[in-house]
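1. curious how this folds, go ahead:
(chains A and B)
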Amino acid sequence: MRKVSRLSRFNIASLALGLAFLYLPILILVLYSFNASRLVTVWGGWSLRWYREFFNDRAMIEAAWMSLRVAVCSATIATLLGTLAAVALSRGERFRGRTLFSGMLYAPLVMPEVITGLSLLLLFVALNAERGFWTVTIAHTTLTMCFVAVVVQSRIGSLDRSLEEAAMDLGCNPVRAFVAVTLPLIAPAIVAGWMLAFTLSLDDLVIASFTTGPGSATLPIRIYSEVRLGVKPEINAICTLVIALIAVVIVIASLASKLSSSQGESAAPL
Amino acid sequence: MAEELPGTNLAADAAARDAFPAAGQPLLRIEAVAKTFGTFRAVDGVSLDIKAGEFFALLGPSGCGKTTLLRMLAGFEAPDGGRILLGGKDIAQALPHERPINMMFQNYALFPHLSVRDNIAFGLKRAGMARADIATRVAEMVALVKLEGLEKRKPDQLSGGQRQRVALARALARRPQLLLLDEPLAALDKKLRESTQGELMELQRRLGMTFIIVTHDQEEAMTMASRIGVMKAGKLAQVASPRELYEAPRSRWIAEFVGDINLFDGESKLRDGHRLVIGTRDAGALVVAEPREPVGTGRFTVAIRPEKVKLSRRGPVSEAGRETAINTLDGVIADICYLGGTTTYKVKLDTGGMLQASVANSARIDVDAYSLNQNVVAWFTPDDCVVLPS
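-> Next up, the predicted model:
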């Protein structure tokens, strides 16, 4: 067996520097969320005061609740649409303009959010839609759907086509073959796609601020407007909670996609 | 549709089995079936009859259309033209799940999320079989392919040979009228392949089922099948028993595709009763037996299998040999290839050509073995020659 080579001084230094670059700001934010002092930059001892304050801040709680609802709804719709698009693109008959369609599906991945947000705003204004929960949800669905499609399509692409054929050979019609064989095998990718869509929706500020209406601010919008008046330590507490939530979701998502790559583990009932 | 076809409904399994054509009766008739992909004619007007209880092999090089033909039988491709009749019913346009046919896939296509047991039971559940009957059938299948004790394993916890058995059990579980096998042994190593060939033949005989196997391996086809259909460029080049295919190939291409062969191009010179003299450029005048279907004059190819060519130091030895050994050719050993059971000698003929002779190594210490550059006489009888149109 080969001995695990030890990291050289240089490697340790560059690793530490890189991690510090990424996580030091977050670490400071988390640390100061437990600060007892009212001044953000002055340490005044440990306290959970700002967490208490947040839970008593009705407007903030409402914004958080709104964000959660939007994230769950848009992630669910995006997962449904994204999965359907992925299945159609990788399993359907080769139709005219298929390449164009798949290219168009992925355009939002690289589209600047300002443009997506602005165009959606114009659409909603033109349709005379009342802006609020549903407009934000629809906007987030358009943003996150392509991410789901990418994740699911890569999983379907790695599946052997003959699995579905075997299911049909053994008495399934095409729809049942999909449900009995393909769906259980791509389920981990669908779950990962949902998680991804959820976190993307939760931390989106730009598109949400374009498409939301009065009285229905999402958490990032609310935080942003508070910060403009000066950073309150309460913001640190909220951010810490959001970071914790997103960390949990991302860990679950990566575990799910790991399961999805090692096929045999993903047991699903027939 | 599904209910119309015998064998699909396993609840009425016994009845369905009675509806099977008896062994030897025609089961499957393929009539002028064609399939085109874009401008490529993958299968080009193939007609074929398969009898019940037959072990039929579709043999051909890759891209000859054999797999496409098999996929049309399974229902994964719809033919552009022609009919596929199973027990008298045209199933050409029926979907895969509507056919009493099962297929064993080349890569096995086992469901990775299901255990061995659930893989085998998959088709039975779809057929609406009772739970207890499924358990009985699965146990029967597991015993049939000798997988006892592995029922709870997932496919990725099995060896290649075990996976192959699961795939076979899964395809057999529904007791199809016809089992299609797409290169079933291609992924196995040589020893395992040989023992599995034997087991497949034994299984087919015991179950009395009709098997159609697709293979590019001519030895595999010869070993297992009772009849072989050789395909070339989407067409059936010859349908024959293994022996007939080997000893009486219909064309030069088939002769070269199946086994090793010496070929000499030439022109027919004169006819003497049942003997034909063909003047070849590389081997001089060869006396051959007149083929069953009389041939006219013109250009021919004389084909001789290497094991039909005898070698000796001074020409045919025995008295009996002298009578029949009309073709004697002098030459020099140019190459020796020792293969264990046989040795293949390449003889450079004085007339200019090369002749392969395969000699059985019937003694362990062979004092008669030839050495390089040794002068030899190669001889063979007119009956050992096959005359092929050029």
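2. for residue 76, give me the backbone phi and psi.
-> Looking at chain A here, since you left the chain open. In this entry, A:Thr76 is assigned phi and psi values of phi -70, psi -50 (degrees, to the nearest 10).
3. my bad, the chain I had in mind was chain B
-> phi -80, psi -20.
4. from B:Ala255, how far off is it?
-> 33 Å (Cβ to Cβ, to the nearest Å). C-betas here are computed from N, CA, C, even on glycine.
5. kindly report the same for B:Val347.
-> Taking Cβ to Cβ as the measure, B:Val347 and B:Ala255 are separated by 19 Å.
6. thinking again about what came up before, of B:Phe76 and B:Ala255, who's got more company?
-> Counting neighbours by other Cβ atoms under 10 Å in any protein chain shown for B:Phe76 and for B:Ala255 shows that B:Ala255 has the greater number, 23 against 18.
7. what about the helices in the chain?
-> All of this is about chain A. A:9-33, A:49-56, A:58-91, A:98-110, A:113-126, A:133-158, A:161-169, A:174-177, A:183-202, A:206-211, A:219-228, A:233-261 (DSSP state H).
8. wait, I meant chain B there
-> Taking DSSP H to define them, one finds helices in chain B at B:13-18, B:66-74, B:116-126, B:131-144, B:160-172, B:190-207, B:218-224, B:242-247, B:252-257, B:319-324.
9. out of these, nearest to chain A?
-> With Cβ to the nearest Cβ as the criterion, chain A lies closest to helix B:116-126 of the helices of chain B, at 3.4 Å.
10. quick one: neighbours of B:Leu339, just the number.
-> Per other Cβ under 10 Å, the neighbour tally for B:Leu339 reads 9.
11. mind checking how far B:Ile212 is from chain A?
-> Counting by Cβ to the nearest Cβ, to the nearest Å, the separation of B:Ile212 from chain A is 14 Å.
12. isn't that residue right next to B:Leu180, touching?
-> Yes: counting by Cβ atoms under 8 Å, B:Ile212 sits close enough to B:Leu180 to count as a contact (5.3 Å).
13. what do the two both touch?
-> Residues touching both B:Ile212 and B:Leu180 by Cβ atoms under 8 Å, 6 or more residues apart in numbering or on different chains: B:Leu70, B:Leu73.
14. spell out which parts of the stretch 51-200 of chain A neighbour chain B.
-> Within the stretch 51-200 of chain A, the residues that sit near chain B (Cβ under 8 Å from any Cβ of the partner chain) are A:160, A:162-163, A:165-174, A:176, A:180-181, A:184-185.
15. which among the residues you listed end up buried?
-> A:162-163, A:165-172, A:180-181, A:184-185 (16 or more other Cβ atoms under 10 Å in any protein chain shown).
16. ok, back up a step: which of the helices of chain A sits closest to B:Leu27?
-> helix A:161-169 (18.2 Å; Cβ to Cβ).
17. get me the contact residues on the stretch 1-150 of chain B for chain A.
-> Residues of the stretch 1-150 of chain B that fall close to chain A, judged by Cβ under 8 Å from any Cβ: B:8, B:74-76, B:95-97, B:101-103, B:105-107, B:109-114, B:118, B:122-123, B:125-127.
18. just the buried ones from the residues you listed?
-> Members of these classed as buried by 16+ other Cβ under 10 Å are B:8, B:74-76, B:95-97, B:101-103, B:105-106, B:109-114, B:118, B:122-123, B:125-127.
19. how long is stretch B:50-64 from one end to the other?
-> 20 Å (Cα to Cα, to the nearest Å).
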